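S.K.: dropping a prediction and its sequence here:
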Amino acid sequence: MTKIELKNVSVQFNQKRRQITAVNHVSLKIEEGEIFGIVGLSGAGKSTVVRTMNLLQVPTSGHVLIDGQDITHAKGQSLGNIRKKIGMIFQHFNLISNRTIGDNILFALKAANYPKNNRQDRVTELLDLVDLSDKVGDYPANLSGGQKQRVGIARALANNPDILLCDEATSALDVETTEEIINLLEKINRDLKLTIVFITHQMEVAKRLFHRVAVMENGEIVEENETFEIFGKPQHAFTQKLVGRHMNLVVPVELEQKFATGVLLELTYLDDHALEPLIANVSRQIPVLLSITHGKIEYIQGKAIGRLIIHVDGEPAEIKRAIEMITNQVDTLTLLGKGGI
């Protein structure tokens, strides 16, 4: 079932007598219960898109639907009721510095008219969910960045939302703390059945957390697919560049210069192919020398993406045969250096 749908949404701003198009005819369908990611460089329009989903940013044109209901022109009490079901967390936490952690969450409950007699129990429940029960009386200044973001998540969940919007929620955190937040969001998605929309420029987070991904460039969605497909077989040139920065193996110039003969090849192989004894098979059947100079295997959504850089040496005709055989067993093959042939 589609939880969030954007139909041909555009957002334009007037700036110094000129019109800026931040979002250009974006259409998306986000399914109930999934973790959907939007990735791209700074200025791509990611934050603007996600803010249209709760109408913090009203589209210039197009339509926003939640559970099939067009909310684009909702106002007043109607808009307030919609926003109660959409929690949001931010990069910089946005906690009230002169209030305790418990009072920060209590403030969100009061603002949404949560039943007064149940508020304190709800605060306890939420802090237990994010593993901060012992911090109820502490102030934000006494918490680490990861703990502050956990409070931000607890506050966003205060009114039992169906949707959680995350705007660069891990960008201000170190690697270890980011992993903790990812684990927490996965738990929330799994246990509470929340639909999560997460925008980021961190491809490591995208690879680790998202079920599906939309890639944005210059205000437009240039590619959308399952996370494994985006990382394993990117189609658009910008996606290839974005993924390449994260996934590709870097070959030092010194390595290319080291081999006076033969060729350097970069291989990408996906899923079941990643487990095949490729090098051994080629060596047994073709009289060439094969050596692995660099390689790694990563797992996305339980499926493998393998990348190898190999050196192939021997007679030119045999090298050609080896390349043909390898090409038929991998998903992509790129010639990096020609050595002496």
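M.R.: Everything's here; your move. Source: prediction; values computed, not measured.
S.K.: residue 236 and residue 223 touch, don't they?
M.R.: Yes: counting by Cβ atoms under 8 Å, residue 236 touches residue 223, with 4.3 Å between them. (C-beta placed from N, C-alpha, C; glycine too.)
S.K.: those two: who's more crowded?
M.R.: Relative neighbour count places residue 223 above the other of residue 236 and residue 223, with 21 against 15, counting by other Cβ atoms under 10 Å.
S.K.: may I see the buried residues of stretch 123-143?
M.R.: 123, 126-127, 129-130, 132, 135-136, 139-140, 143 (16 or more other Cβ atoms under 10 Å).
S.K.: try stretch 238-248
M.R.: By 16+ other Cβ under 10 Å, the buried positions in stretch 238-248 come out as 238-239, 242-243, 247.
S.K.: is it possible to export these to TSV including secondary structure, pLDDT and distance to residue 160?
M.R.: Listed next are these as TSV, based on DSSP: H, G, I helix; E, B strand; the rest coil; pLDDT from 0 to 100; distance: Cβ to Cβ, whole Å:
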residue	secondary structure	pLDDT	distance to residue 160
238	helix	94	38
239	helix	94	36
242	helix	90	35
243	helix	88	36
247	helix	72	38
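S.K.: ok so, going back, which two among the buried residues of stretch 123-143 are spaced furthest apart?
M.R.: 129 and 139 (20.5 Å; Cβ to Cβ).
S.K.: helix, strand or coil for residue 185?
M.R.: helix (DSSP: H, G, I helix; E, B strand; the rest coil).
S.K.: residues touching it, list them.
M.R.: Taking Cβ atoms under 8 Å, 6 or more residues apart in numbering, we find residue 185 in contact with 35, 153, 164, 166, 196, 198, 209.
S.K.: for residue 157, see how far away it is.
M.R.: Per Cβ to Cβ, to the nearest Å, residue 185 is found 11 Å from residue 157.
S.K.: how about residue 145?
M.R.: As for residue 145, its distance to residue 157 is 19 Å (criterion: Cβ to Cβ).
S.K.: centre-most residue in the chain?
M.R.: In the chain, the centroid-proximal residue (Cα atoms, centre = their mean) is residue 206; its distance is 2.5 Å.
S.K.: what comes up buried for stretch 278-290?
M.R.: For stretch 278-290, by 16+ other Cβ under 10 Å, it's 278-279, 282, 286, 288, 290.
S.K.: mind checking which of residue 145 and residue 157 has more residues around it?
M.R.: residue 157 (22 against 16).
S.K.: per-residue confidence for the more buried one?
M.R.: Here the pLDDT value assigned to residue 157 is 94.
S.K.: domains of this structure?
M.R.: Split into domains by automatic domain parsing, the chain comes to 2-245, 253-337.
S.K.: and among these, the most buried is which?
M.R.: The highest average neighbour count among the domains of the chain, using mean count of other Cβ atoms under 10 Å, belongs to domain 2-245 at a mean of 18.
S.K.: give me the distance between the two termini of that one.
M.R.: Domain 2-245 has an end-to-end distance of 32 Å (Cα to Cα, to the nearest Å).
S.K.: my guess is residue 312 contacts residue 290. True?
M.R.: Yes: if you go by Cβ under 8 Å, residue 312 and residue 290 touch, sitting 5.7 Å apart.
S.K.: identify the contacts common to the two.
M.R.: Both residue 312 and residue 290 are contacted by residue 322, under the criterion Cβ under 8 Å, 6+ apart.
S.K.: do you know how far residue 189 is from residue 83?
M.R.: In this view, residue 189 and residue 83 are 20 Å apart by Cβ to Cβ.
S.K.: which residues are contacting stretch 330-339?
M.R.: 232-233, 251, 256, 259-270, 273, 278, 309, 311, 313, 323, 326-327.
S.K.: how much distance is there from stretch 286-304 to the middle of the chain?
M.R.: In terms of Cα atoms, centre = their mean, to the nearest Å, the gap separating the centre of stretch 286-304 from the centre of its chain is 25 Å.
S.K.: also stretch 262-269?
M.R.: Worked out by Cα atoms, centre = their mean, stretch 262-269 lies 28 Å from the chain centre.
S.K.: show me which of the buried residues of stretch 278-290 is closest to residue 44.
M.R.: Once Cβ to Cβ is applied, the member of those that ends up nearest residue 44 is residue 278, at 36.9 Å.
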